[in-house]
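3D model of this:
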Amino acid sequence: MQHVELNVEGMTCNGCVARLKKALDAADGVRDAQVGLEGPQVRLDYDPAVIDLAAIKETIEDTGFDVV
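The predicted structure follows:
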């Protein structure tokens, strides 16, 4: 398992938080995703044998937010 913390722009409410958490929780290889409105907004553990950091960032961006 690897741990990553990411700053995300575009989340403005708890609905945004819930939408992003749901998307990350659904991604294979992501474990223990924590999403909040204060930075870093995303903290998660992931299995690099299953998913890489680029795919995690793509999941965040596909949900409508920007990784900075």
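
alpha carbons only for contacts and neighbour counts from here, please
Fine.

those helices in this protein, which residues are they?
Ranges of helices within the chain are 14-26, 53-62, based on DSSP state H.

Would you reformat these as a markdown table and include distance to Leu44 and mean pLDDT?
Listed next are the helices of the chain as a markdown table, based on distance: least, Cα to Cα, whole Å; pLDDT from 0 to 100:
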| stretch | distance to Leu44 | mean pLDDT |
| --- | --- | --- |
| helix 14-26 | 9 | 97 |
| helix 53-62 | 10 | 98 |
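
is it possible to export those to JSON lines including mean neighbour count and distance to Gln41?
Output for the helices of the chain, formatted as JSON lines (neighbours: other Cα atoms under 10 Å; distance: least, Cα to Cα, whole Å):
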{"stretch": "helix 14-26", "mean neighbour count": "16", "distance to Gln41": "9"}
{"stretch": "helix 53-62", "mean neighbour count": "15", "distance to Gln41": "11"}
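
Need those helices in a markdown table (columns: distance to Asp32).
A markdown table is the format used below for those (distance: least, Cα to Cα, whole Å):
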| stretch | distance to Asp32 |
| --- | --- |
| helix 14-26 | 8 |
| helix 53-62 | 13 |
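
wait, which of the ones you listed is closest to Asn7?
The closest of these to Asn7 is helix 53-62. By Cα to Cα, the value is 10.5 Å.

Now stretch 39-48: average pLDDT?
For stretch 39-48, the mean per-residue pLDDT is 95.

wait, what's in contact with the residue of the chain most remote from its centre?
Most distant residue from the mean C-alpha position of the chain: Ala49, 17.4 Å away (Cα atoms, centre = their mean). Contact analysis of Ala49 by Cα atoms under 8 Å, 6 or more residues apart in numbering lists Gly29.
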